[in-house]
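# Task: produce atomic coordinates for the following.
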Amino acid sequence: MEAILSSTLEAIGTMLGLCFLGIGIGVGILGSKVAEAIGRNPETKNEVVHSVMTILIILAVFILLLFAFSFMLLFFNPLTV
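Predicted coordinates for the structure are as follows:
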C-alpha cells in the first residue's frame, strides 16, 4: 500500500514538473515569435495579441485539468482499492 502511494506521488511530481517545463519553454518561444511578428509588422499588434491571449487561456484550462487529474490520482487512486 505504501509503495503504491509513494509511486503515485513520484509520478505526480514528475508529471507536474515536466508539464511546467514544457509550458515554460513553449510560452518563451511563443513570446519570442510574438515580439518578432510585432517588430516586423506593428500594425497587426492587436490581432497578434488577441490570438496569443486565446492560446494562453486555452493553456490555462489545460493546466487546471492537469491539476484536477493529479488531485484525482492523490485522493481517488484506483490502485489502492
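
# Buried ones in the helix or strand encompassing E36, by neighbour count?
Assigned by DSSP states H and E, E36 belongs to helix 2-40. Neighbour-count burial for helix 2-40, counted by 16 or more other Cβ atoms under 10 Å, picks out 8, 12, 34, 37. For the C-beta atoms, the positions are set from N, CA and C on the backbone; glycine is no exception.

# Which one of those residues is nearest to F20?
I12 (12.6 Å; Cβ to Cβ).

# Distance of that closest one relative to I29?
Applying Cβ to Cβ, to the nearest Å, the value for I12 to I29 is 26 Å.

# same deal with N77?
Using Cβ to Cβ, N77 is found at 35 Å from I29.

# which non-adjacent residue is nearest A37?
Spatially, and ignoring its direct neighbours in sequence, A37 is nearest to V48 (5.3 Å; Cβ to Cβ, 6 or more residues apart in numbering).

# Could you list which residues are in contact with that neighbour?
Going by Cβ atoms under 8 Å, 6 or more residues apart in numbering, V48 touches 34, 37-38.

# With A35 instead?
By Cβ under 8 Å, 6+ apart, A35 lies in contact with nothing.

# List the buried residues for stretch 71-81?
Within stretch 71-81, the residues that count as buried by 16+ other Cβ under 10 Å are L73.

# which other residues reach that stretch?
Contacts of stretch 71-81 (Cβ under 8 Å, 6+ apart): 1, 4-5, 8-9, 11-12.

# Need those in a markdown table (columns: distance to F71).
Shown next, in a markdown table, are these (distance: Cβ to Cβ, whole Å):
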| residue | distance to F71 |
| --- | --- |
| M1 | 20 |
| I4 | 17 |
| L5 | 14 |
| T8 | 12 |
| L9 | 12 |
| A11 | 13 |
| I12 | 9 |
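
# who touches M15 in this structure?
66, 70.

# Model confidence at I58, what's the number?
pLDDT recorded at I58 is 94.
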